[in-house]
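>>> build me a structure from this.
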Amino acid sequence: MQTRVIFLEQMNRLRHDILIMSSRVEEDIAKALTALKTDDTELAQEVKANDSVVNAMQITIEDEAAILIATQQPVARDLRELVTILKITANLERIGDHAVHLARAAIKLSGEAPFRSFGHIEKMAETGRLMLNSAITAYLNQDPAAAREAAAMDIFIDAEHKALIEEVLSLMIEHPELIKKAIRLINTSSRLERLGDHITNICEGVIYMVESKHEELNE
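Numbers count the residues shown, from 1 in each chain. Down below sits the predicted model:
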């Protein structure tokens, strides 16, 4: 019985660490977006520096999960949750990379008047932030229905990405001298579009953890 109590305490610590890591990544997305909107290159540099912190969190959580698998030999639901934790941290790390890319775009596009309208980028990043928050909440509450709802938000990110590409392509035709900067903006949008895919992966992990089945979302 005492062994089980210790195991549950360790699992609760891992869940807390997942929450801390996801909160950091969510904060980095928000800061990178603010940097893009306000030409705040110092804030963008802060996001870039935070990447090492997120990477360290991933390593710590994955090491702790691996130790539990090796020493406690969990089965059924417990094992599925530990596998899901590994999946969540890997995707959080990738989402953090996309936040860094957005910060780099903020630096490179700083002061570029023709590109000061970032409406689609803003909506993609904000939706991604909300989607991530909902996905992690679904994990903590072990709620597969909420995970499916969170994943469904990806359709809005995809729609904004498509609209941005159409808008920027038109701009490139009218102003060919802006092609290089336009391509950079499209690349940034593409990164944010993949952000939704990584969050969907987290949602699929929640479903696997609770329902013991692999379900492809947003096919």
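
>>> ok, Ile165 - contacts?
Ile186, Ser189 (Cβ atoms under 8 Å, 6 or more residues apart in numbering). All C-beta atoms are positioned from the backbone trio N, CA, C, and that covers glycine.

>>> how about a cut-off of 10 Å?
Neighbouring residues of Ile165 by Cβ atoms under 10 Å, 6 or more residues apart in numbering: His120, Ala182, Leu185, Ile186, Ser189, Ser190, Glu193.

>>> against Ile202, how distant is it?
26 Å (Cβ to Cβ, to the nearest Å).

>>> surely Leu178 is in contact with Ser170?
No. Judged on Cβ atoms under 10 Å, Leu178 makes no contact with Ser170 at a distance of 11.4 Å.

>>> for the chain, what's the longest helix?
Longest helix of the chain, by residue count under DSSP state H: helix 2-38.

>>> mind checking pLDDT for the residue lying closest to Thr3 once chain neighbours are set aside?
On the basis of Cβ to Cβ, 6 or more residues apart in numbering, the spatially nearest residue to Thr3 that is not a chain neighbour turns out to be Gln72, at 7.8 Å. Predicted confidence (pLDDT) for Gln72: 91.

>>> also Arg129?
At Arg129, pLDDT is 94.

>>> what's the helix or strand for it?
For Arg129, the enclosing helix or strand under DSSP states H and E is helix 119-140.

>>> pLDDT score assigned to the spatially most central residue of the chain?
The residue lying closest to the centre of the chain (Cα atoms, centre = their mean) is Ile95, at 3.3 Å. Among the per-residue scores, Ile95 holds a pLDDT of 96.

>>> please, which helix or strand holds it?
Using DSSP H and E, Ile95 falls within helix 76-108.

>>> compute the inter-axis angle for that helix and helix 119-140.
When axes from the mean of the first three to the mean of the last three Cα atoms, to 10 degrees is applied, the directions of helix 76-108 and helix 119-140 differ by 160 degrees.

>>> just give me the neighbour total for His101.
Using other Cβ atoms under 10 Å, His101 has 20 neighbouring residues.

>>> separation between it and Thr188?
Taking Cβ to Cβ, one finds His101 at 7 Å from Thr188.

>>> what do the two both touch?
Common neighbours of His101 and Thr188, counting by Cβ under 10 Å, 6+ apart, are Ala32.

>>> check contacts around Ala182.
For Ala182, the contact set (Cβ under 10 Å, 6+ apart) comprises Pro114, Phe115, Ile165, Glu167, Val168, Leu169, Ser170, Leu171, Met172, Ile173, His175, Pro176.
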